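> Pasted the sequence and its predicted model underneath.
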Amino acid sequence: MSSIDISNLSVAELAALKGSIESIIGGRRESELIRLREMFEDMAAESGFTLEEVMQATPSKKRAAVQVKYRNPDNHEQTWTGRGRKPLWAVALVESGGSLEGCLI
């Protein structure tokens, strides 16, 4: 790309040049956006989708289920994986002198 020496231009000439550049950038920006959209529409169509379907798709953040590690000896429906905050039954058990090791599944 060749460089243009603008150091000798007047303020009026620089202002006019700036306006021309902004106009050209706006036009190019619009045409590039249209070109990109057409490319994306073609890519989506090749895969059997519309661009709107692709843009509405959200990735799922499913995690693998964590196995239960502890079960409340007094209520077998209450379980805990050992991750995160201890459930109240586990806190009460430990505070009363019990051990979580006795609750291992």
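Thanks, I have it. Numbering: from 1, shown residues only.

> Which neighbouring elements make contact with whichever helix in the chain runs longest?
Counting by DSSP state H, the longest helix found in the chain is helix 11-46. Judged by 3 or more Cβ pairs under 8 Å, 6 or more residues apart in numbering; DSSP states H and E, helix 11-46 is in contact with helix 51-56. Any C-beta I mention is one placed from the backbone N, CA and C, and that applies to glycine too.

> Quick check: residue 15 vs residue 97, distance?
Counting by Cβ to Cβ, to the nearest Å, the gap from residue 15 to residue 97 is 84 Å.

> For the most centrally placed residue in the chain, pull up the helix or strand it's in.
By Cα atoms, centre = their mean, the chain has its centre lying nearest to residue 59, at 8.5 Å. Residue 59 is part of no helix or strand, with elements assigned from DSSP states H and E.

> before we move on, the earlier item: what mean pLDDT would you report for the longest helix of the chain?
Helix 11-46 shows a mean pLDDT of 96.

> So which bits of that helix are buried?
Within helix 11-46, the residues scored as buried using 16 or more other Cβ atoms under 10 Å are residue 44.

> Just the pLDDT at the residue nearest to the centre of the chain, thanks.
83.

> Over to residue 91?
pLDDT, residue 91: 95.

> List the buried residues in the helix or strand containing it.
Assessed by DSSP H and E, residue 91 sits inside helix 88-95. Within helix 88-95, the residues scored as buried using 16+ other Cβ under 10 Å are 89, 90, 93.

> now, which of those sits nearest residue 55?
Taking Cβ to Cβ as the measure, residue 90 is the one of the buried residues of helix 88-95 closest to residue 55, at 45.0 Å.

> Run through the residues that contact the closest residue to the closest one other than its chain neighbours.
Distances taken as Cβ to Cβ, 6 or more residues apart in numbering put residue 80 closest to residue 90, at 5.9 Å, once the chain neighbours are dropped. Residue 80 sits next to 68, 69, 70, 71, 86, 87, 90 when contact means Cβ atoms under 8 Å, 6 or more residues apart in numbering.
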